[in-house]
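In: Attaching a predicted model along with its sequence, questions to come.
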Amino acid sequence: MDSRPDTPVRAGPGSTRQEATTWFACARIGPVDPRHAVLFEPINLGPKTLPNRFYQVPHASGFGVAQPQTQAAFRGIKAAGGWGGVCVEYAPVSVDSEETPAVSALFWDQGDADALRLTVDAVHRHDALVGLELFHGGTHSANGQSRAARIVPSQVAASVEWAGLAREMDLADISRVQREWVDAARRARDVGFDIVYVYGAHGYLVTQFFSPHTNRRTDGYGGTLANRGRFWLETLEAVREAVGSDCAVATRIPVAGRQGLPGIDHDEMLELVGLASPLVDLFDVNVGEWPEDSGTSRYHPEGHERRWTDDVTAVTTKPVVGVGRYTSPDLMAEMVRTRALDIIGAARPAIADPYLPNKIREGGPTRSASARDQISASCGRRSSTTSAASRTRQPARSIDEPGIPRSSSGPTTTSSRF
């Protein structure tokens, strides 16, 4: 409900309250602070144009495809708040990759795609791009619903997943998973997604092919760096061909394995980025496993991933997005100006303050980092029972129905829900 007193017609050119209210909200957006203007410049992602440099990276919500209206509201409010790109969480492409008891956005068939069409429409309503993180977990797939056997590049015990033995993929398995990835990309395109991912970070199947610790194959998919990157490169090429100019193709990969990803070498990953550059429209890069990538401010300062991610733009001309709990507009702008990153990625900052980009544009106050730390602490308490559940990093908490925001910058105080 609008808490402002009735706005007189003289407040704006409109002759009705609705027109006056619209004028009032728009009039608040004056000239952008020149220090931050670079954050509001568009950038091309292949055939698509991101309207600014704010990008809500894929992160789990607990909604998946089972709660399509809540998923749509949850993502739509971020587009309303000014995030130029908004992504849905990891979406398994195969029945031998699903996350039960954790919640993912299953993307096995047309019914799943139709459930996410609401999210596509909610994000497009605010002229933002919407992405889908297509994924296969390999040995990290819990498969609590499908009961399918896990598949992996090599039959080695998982370093993280309890009881993680799995069946080694033969060439038919490799072809099948790549085909299912392509089919999922086509479904995503057909319901309106602008960006489709080949997800290769956080220790999942593509990462398992990258690492000689989990890939001990002796055929054309193991051994040399080029062979260990072959599954990823072939999948990128097949997805690229399938979606053509209808979608941007993104990939998410680790560029360091300091914590939790043995065998992931920084220099090797930079070499793979160079090999994939002709096939990719957006590189989404991060480091290590979840404890570092999602670290709290108590242990990891803002921009803590820069030591590794800053190198990626030196080996590709394609746009690069990265995360690091960025909330300082001065730091964000400096990173874009110097091309440390081309796009500022966020998960927790976008949850703690969906209207962060609009507030930066308007010069208004933003929510403090304490809200994000409370979210992270809450996730840790609620998901400590199983490693599978711990990968649903963001809490499935209720949010206000966004409707039509009364102000383009939304609320200015931290909600007690966080």
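Out: The structure has been received and is ready for your questions. Just so it is clear, the structure is predicted and the values come from calculations on it, not from any experiment. Numbering: from 1, shown residues only.
In: For this protein, name the helix or strand with the lowest mean pLDDT.
Out: helix 17-27 (a mean of 35; mean pLDDT, DSSP states H and E).
In: Which stretches in the stretch 101-250 of the chain count as strands?
Out: Under the criterion DSSP state E, counting those that start in this stretch, the stretch 101-250 of the chain contains strands at 129-135, 151-152, 167-168, 195-199, 248-254.
In: Next, format those as JSON lines and append distance to residue 344.
Out: Using the backbone N, CA and C atoms, a C-beta is placed for each residue, glycine as well. Formatted as JSON lines, these follow (distance: least, CB to CB, whole Å):
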{"stretch": "strand 129-135", "distance to residue 344": "15"}
{"stretch": "strand 151-152", "distance to residue 344": "34"}
{"stretch": "strand 167-168", "distance to residue 344": "40"}
{"stretch": "strand 195-199", "distance to residue 344": "16"}
{"stretch": "strand 248-254", "distance to residue 344": "15"}
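In: can you put those strands in TSV and add distance to residue 208, mean neighbour count and mean pLDDT?
Out: Below are the strands of the stretch 101-250 of the chain laid out as TSV (distance: least, CB to CB, whole Å; neighbours: other CB atoms under 10 Å; pLDDT from 0 to 100):
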stretch	distance to residue 208	mean neighbour count	mean pLDDT
strand 129-135	13	27	97
strand 151-152	6	26	93
strand 167-168	11	14	92
strand 195-199	12	28	97
strand 248-254	12	26	96
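In: Can you say which of the ones you listed is nearest to residue 306?
Out: With CB to CB, the closest approach to residue 306 among those belongs to strand 248-254: 14.8 Å.
In: Just the angle for whichever helix or strand comes after the closest one relative to strand 195-199, thanks.
Out: Toward the C-terminal end, the helix or strand that comes next after strand 248-254 (DSSP states H and E) is helix 266-276. Using axes from the mean of the first three to the mean of the last three CA atoms, to 10 degrees, the inter-axis angle of helix 266-276 relative to strand 195-199 is 140 degrees.
In: and for helix 266-276, what are the contacting residues?
Out: 210, 225-226, 229, 232-233, 236, 251, 253-256, 283, 308, 311-312, 314-316 (CB atoms under 8 Å, 6 or more residues apart in numbering).
In: Run the chain-centre distance for that helix.
Out: A distance of 21 Å separates the centroid of the chain from that of helix 266-276, by CA atoms, centre = their mean, to the nearest Å.
In: Direction included, what does the helix or strand just after that helix pair against?
Out: Next along the chain after helix 266-276, taking DSSP H and E as the criterion, comes strand 282-286. Using DSSP bridges, the strands paired with strand 282-286 are strand 248-254 (parallel), strand 320-322 (parallel).
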